[in-house]
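> Okay, sequence plus prediction incoming.
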Amino acid sequence: MGTTKAYLQASVARVQCREHGVVVAHVTWAYLLKEQLREVFRIKGIGGRRLLAGWLSWASHSRIPEFVTLARSIRRYKELIGNTLDHGLSNARSEATNTHLRALTKRAYGFHSPEALIAMALLTRGGLCPLLPGRAA
């Protein structure tokens, strides 16, 4: 396998590489679509909803298969995504907690009782901060 250099130019139309199957002109559009979707979640609220509606139209007509599929998925969950844009809530914290607790569970396989796992979970995720001997409060 060798390497191939590719240069993007604005005046280049859709050029397909026979060896790699990459449409060079799509790279710019894919980047712009990605950045526009990031902007939707940065703006939030009504403005984010309007931007999302425009983005869905743009992505659906882009003829980039991955973005067309993503647009379909976003349309399917549009109401839930709209709630996220309106209220700024996500499940990121609960997902992080679940991942952390799974890691703790793997570490706790050698413990003699489940109480040790519960104590570790309370220390790391529960906000429990016991006074340690020899330390000032």
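Looks like it came in fine. Keep in mind that this is a model prediction, so the values were computed, not measured.
> ok, and the closest non-adjacent residue to G82?
Leaving aside its chain neighbours, G82 sits nearest to R49 (5.8 Å; criterion: C-beta to C-beta, 6 or more residues apart in numbering). The way it works is simple: take the backbone N, C-alpha and C, and place the C-beta from them, glycine included.
> tell me which element the one you found is part of?
The secondary structure element spanning R49 is helix 45-60 (assigned by DSSP states H and E).
> That helix: what's the following helix or strand?
Downstream of helix 45-60, the next assigned helix or strand under DSSP H and E is helix 65-76.
> on contacts alone, who are the packing partners of the lowest-mean-pLDDT helix or strand in the chain?
Per-element confidence for the chain was summarised using mean pLDDT, DSSP states H and E. The lowest value among helices and strands belongs to helix 24-43, with a mean of 83. Here helix 24-43 is seen to pack against helix 45-60, helix 65-76, helix 78-87 when contacts are counted using 3 or more C-beta pairs under 8 Å, 6 or more residues apart in numbering; DSSP states H and E.
> Name the residues of the last one that are buried.
Using 16 or more other C-beta atoms under 10 Å as the test for burial, helix 78-87 gives I81, L85.
> what number of residues lie near G48?
Neighbouring residues of G48 were enumerated by other C-beta atoms under 10 Å; the total is 20.
> what's near enough to touch the closest residue to it other than its chain neighbours?
Residue nearest to G48 in three dimensions, not counting chain neighbours: L85, with 4.2 Å by C-beta to C-beta, 6+ apart. If you count contacts by C-beta atoms under 8 Å, 6 or more residues apart in numbering, L85 has them with V40, F41, K44, G45, G48, R49, L52.
> Is it possible to mark the buried ones in these?
Burial by neighbour count, 16+ other C-beta under 10 Å: within these this picks out V40, G48, R49, L52.
> gap between the third one and M120?
Separation of R49 from M120 (C-beta to C-beta, to the nearest Å) stands at 42 Å.
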